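In: Provided below for reference: sequence and predicted model.
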Amino acid sequence: MSIISKLTSSWAQADRAEKRLVIKYAVLTAALFLPLFWAFLAVRNLYPIAAWNVMMAGGDLERGRSYCMLRGETISGETIDVAAIDLTGALYSRNWTMVNATIDNQSFKLKSLHPQNEEMLRQLGGIANLPPGARIPDLLQAWGEIYNKREPESSPKRLKAIRLDMYRWESGRYSEYDKFIESWRKEL
Amino acid sequence: MRFFVHGLFLFDTVVTSYSALGSLPPTILRPTGVMKFLPWSFYDALQTHGGMLTLKTLMLVSLLLSTAGFLTRFSTKTSLLLVLFYQGLLRSFGHFNHDEMIAIYFLVVLAFTPCGDAFSIDNWLSRRDRTKPQRPAFAYAYPILLMQLLLAWAYFSSALIKLRVAGVKYLSPDNLPALAIFHSLDNLHDTAFRAAFWLPRVREYLPYFVALILIWELLFPLAVFFRRVRWWILGIGLVFHVSTLFLMNIFFPHQLLMYLIFINWDRLTGKQL
């Protein structure tokens, strides 16, 4: 018997308690789907209401794209690639957008600012004077400390500095992906 | 399903380092949606070793209870609230990614339906209680239908939004290779597969592939109502999500695991609903 036929036969024989259950389920369905329909129509995510707009715009070869590489400088003098997922795995698939948002100073563009960000803006005289990635050093410091905590004190793999190198793919072709833009470096 | 969905979030909580998350500075947070209602002083207290330890302990206890089905009516609701908060925190650091959203909506359904009446400690403890009222089959069948519809909506609306926003441009030969290569350039994604760089060689065939994916998304609701096509649709979904991992370094494991809602567990275990 399919789910649908089970539903219809149940309704026909429903007593008062069962009808109450039907109403409860109708409210639950509306509470879930009405916000989802709104998000769909507005094409807007408002946590926890999701519009499934994943990759809705598609890729464009002509539009340049910036990206970052996280690297560490070990005490033995090597430069190594550091995988962000190994440091803050909790963020799972969100490390790259956290970096992009921090470079773009998005935490300084909120309606309600963190008191320390408010103070920084006041000292610099407004958002126009804020350098790109004003909070990147704090993020690098946190990542560097997480990395070093996992290495023994005597390990040559411990980092003396951690940096974020930014590149841009703007060639408009499927080549020349790595034009260097800028770098943020934090001594640990 | 309760055991599975709550168990999945319990597994996530056990294997995730909350102390590393607590090391991130609250100054880079951008509270999203309902997370904006919490004051900064709360986030300052949370983004500490003690704050994260408290959150992890609460989540472990609640998810352990709800997975086992103990005090189910209460523990499924506390687990929902805690997971909702934790996932909101992650999205306040990064972006609104959709992987876990369907599983969160399943938690909502489970929190307000009798999901502890079968495979649960509550049920085992109350077996001797013969006065316990029997619920109609509808009480268990509808939540399953609702969860299937939620999953179908995710794919169906995703295709409609792409067509609304990008239109036929979405079928441009450079759409997929440009997107895939961009997601394969950095080392901030969870994986570093390089298959995307092979896509430009077959770019003239890619519009057909993208069109097929759009059609598959639009047809996904058929999996709810027609058993014959269900396994084809879910099978294509499995191939699609695995290919996005290798081509784009993007994976939706939580959403993929929610396909289990389409399995008729009663038939598998030989029980009648």
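Out: That came through fine.
In: When you work out contacts or count neighbours from here on, use the C-alpha atoms and nothing else.
Out: Will do.
In: so what's the backbone phi/psi at the residue nearest to the spatial centre of chain B?
Out: Centroid check for chain B by CA atoms, centre = their mean gives residue B:100 as the closest residue, at 2.9 Å. Reported as degrees, to the nearest 10, the phi and psi values for residue B:100 are phi -90, psi 0.
In: Please list all residues in contact with it.
Out: Contact partners of residue B:100, counting by CA atoms under 8 Å, 6 or more residues apart in numbering or on different chains, are B:252, B:254-255.
In: can you check residue B:237 too?
Out: residue B:256.
In: If we use 7 Å, what do you get?
Out: Shown in contact with residue B:237 (CA atoms under 7 Å, 6 or more residues apart in numbering or on different chains): no residues.
In: For the strand or helix carrying it, what is the distance to the chain centroid?
Out: Counting by DSSP states H and E, the element that carries residue B:237 is helix B:227-248. Relative to its chain's centre, helix B:227-248 lies at 15 Å (CA atoms, centre = their mean, to the nearest Å).
In: Now do it, average pLDDT.
Out: Taken as a whole, helix B:227-248 has a mean pLDDT of 95.
In: Check stretch B:258-273 too.
Out: On average, stretch B:258-273 scores 77.
In: what does stretch A:30-47 give?
Out: Mean predicted confidence for stretch A:30-47 is 95.
In: Might you calculate how far it sits from the centre of the chain?
Out: The chain centroid and the centroid of stretch A:30-47 are separated by 21 Å, computed with CA atoms, centre = their mean.
In: Identify the residues contacting it?
Out: Taking CA under 7 Å, 6+ apart as the rule, stretch A:30-47 contacts A:49-51, A:53, B:32-34, B:88, B:157.
In: would you list the residues you listed in a markdown table and tack on distance to residue A:185 and secondary structure?
Out: Listed next are the contacts of stretch A:30-47 as a markdown table, based on distance: CA to CA, whole Å; DSSP: H, G, I helix; E, B strand; the rest coil:
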| residue | distance to residue A:185 | secondary structure |
| --- | --- | --- |
| A:49 | 37 | strand |
| A:50 | 36 | coil |
| A:51 | 37 | coil |
| A:53 | 35 | coil |
| B:32 | 29 | coil |
| B:33 | 33 | helix |
| B:34 | 34 | helix |
| B:88 | 30 | helix |
| B:157 | 42 | helix |
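In: domains of chain B?
Out: Using automatic domain parsing, the domain parsing of chain B gives B:1-122, B:152-273.
In: Helices of chain B, residue ranges please.
Out: Secondary structure of chain B (DSSP state H): helices at B:2-15, B:18-22, B:40-46, B:49-68, B:72-93, B:101-111, B:121-125, B:138-165, B:175-182, B:206-219, B:222-225, B:227-248, B:253-257, B:265-269.
In: could you dump these to a markdown table with distance to residue A:120?
Out: A markdown table is the format used below for the helices of chain B (distance: least, CA to CA, whole Å):
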| stretch | distance to residue A:120 |
| --- | --- |
| helix B:2-15 | 35 |
| helix B:18-22 | 22 |
| helix B:40-46 | 16 |
| helix B:49-68 | 25 |
| helix B:72-93 | 20 |
| helix B:101-111 | 35 |
| helix B:121-125 | 54 |
| helix B:138-165 | 38 |
| helix B:175-182 | 33 |
| helix B:206-219 | 46 |
| helix B:222-225 | 53 |
| helix B:227-248 | 37 |
| helix B:253-257 | 39 |
| helix B:265-269 | 57 |
